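Visitor: Could you work out the structure for the sequence below:
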Amino acid sequence: MKIGILQTGKSPDILREELGDYPDMFARLLAGRGLEFRAYHVEGMVFPENVHDCDGWLITGSRHGTYEDHPFIAPLEEFVRAAIAAKVPLVGICFGHQIIAQALGGKVERFGGGWAIGPTSYDFGGEILTVNAWHRDQVTTRPEGAEVVASNHFCENAALLYGDRAFTVQAHPEFEDAFVEGLMRTRGKGVVPDDVMAEAAKKLGPPNSSAAIADRIADFFKEHRN
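Guide: This is a model prediction of the structure:
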């Protein structure tokens, strides 16, 4: 099954050589699950010609806000709506989670409660899964028809399901601990409060639930659709 990765940002230059860019991280996360990948740098205005060019689409995270004025935002929203209409499955992670909600009528805002950084636990229907997070923006108003499938006290809409059309997650299952540490060094200073980063750093190290989220993503892509 061919999955098109719609890349909406780049990992920091200083980290990219060692840890890879976002498409590399998703290829590692989803390895061994019968998926192959092709990346499109939509942030650089490289879009697929058609929503049927791949069997499914995955929208990555980004340092940009969905509500900001960037050339790729409007055409990406159009692509999301076209894929939904054509029943081509979509997965969105962090920014991808937010842009899918926004494209379908939801609202994304900078959250007044601050940042979620590092290992963060979410309730997936009674199953507690812990994965790395890196965000301040959140989906604050869900689109019509979006079902909450994960949440916690900090993020009400932590994962959303749109029937068999889209599955989206606010956290970053593709971020390994080393990358979170790198983000704290390269993008966190002066942006994320020092005490928030210090608390997150204490939690890094133990195994997390990224593989369980990867299974859910792969299962969603492979779900039978009429």
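
Visitor: Please enumerate the strands of the protein.
Guide: Remark: strands assigned in the chain by DSSP state E are 2-6, 36-40, 56-59, 90-93, 107-110, 116-124, 127-135, 137-141, 147-150, 159-162, 166-169.

Visitor: Considering only helices and strands, which part of this structure has the lowest mean pLDDT?
Guide: When each helix and strand of the chain is scored by mean pLDDT, DSSP states H and E, helix 13-19 comes last, with a mean of 91.

Visitor: Run through the neighbouring helices and strands of that one.
Guide: Counting contacts by 3 or more Cβ pairs under 8 Å, 6 or more residues apart in numbering; DSSP states H and E, helix 13-19 is packed against helix 177-183. Where C-beta positions appear, they are placed from N, C-alpha and C, glycine not excepted.

Visitor: which stretches of this structure have low pLDDT?
Guide: 226 (pLDDT under 70).

Visitor: Could I get the contacting residues of the residue positioned nearest the centre of the chain?
Guide: Against the mean C-alpha coordinate of the chain, by Cα atoms, centre = their mean, the closest residue is I93 at 1.0 Å. Neighbouring residues of I93 by Cβ atoms under 8 Å, 6 or more residues apart in numbering: 26, 58-61, 168-169, 171-174.

Visitor: hmm, 7 Å instead?
Guide: Residues in contact with I93 (Cβ atoms under 7 Å, 6 or more residues apart in numbering) are 59-61, 169, 172, 174.

Visitor: before we move on, what about F95?
Guide: 8-9, 60-62, 64, 66 are the contacts of F95 under Cβ under 7 Å, 6+ apart.

Visitor: Not counting its neighbours along the chain, what's nearest it?
Guide: Leaving aside its sequence neighbours, F95 sits nearest to S62 (Cβ to Cβ, 6 or more residues apart in numbering; 3.9 Å).
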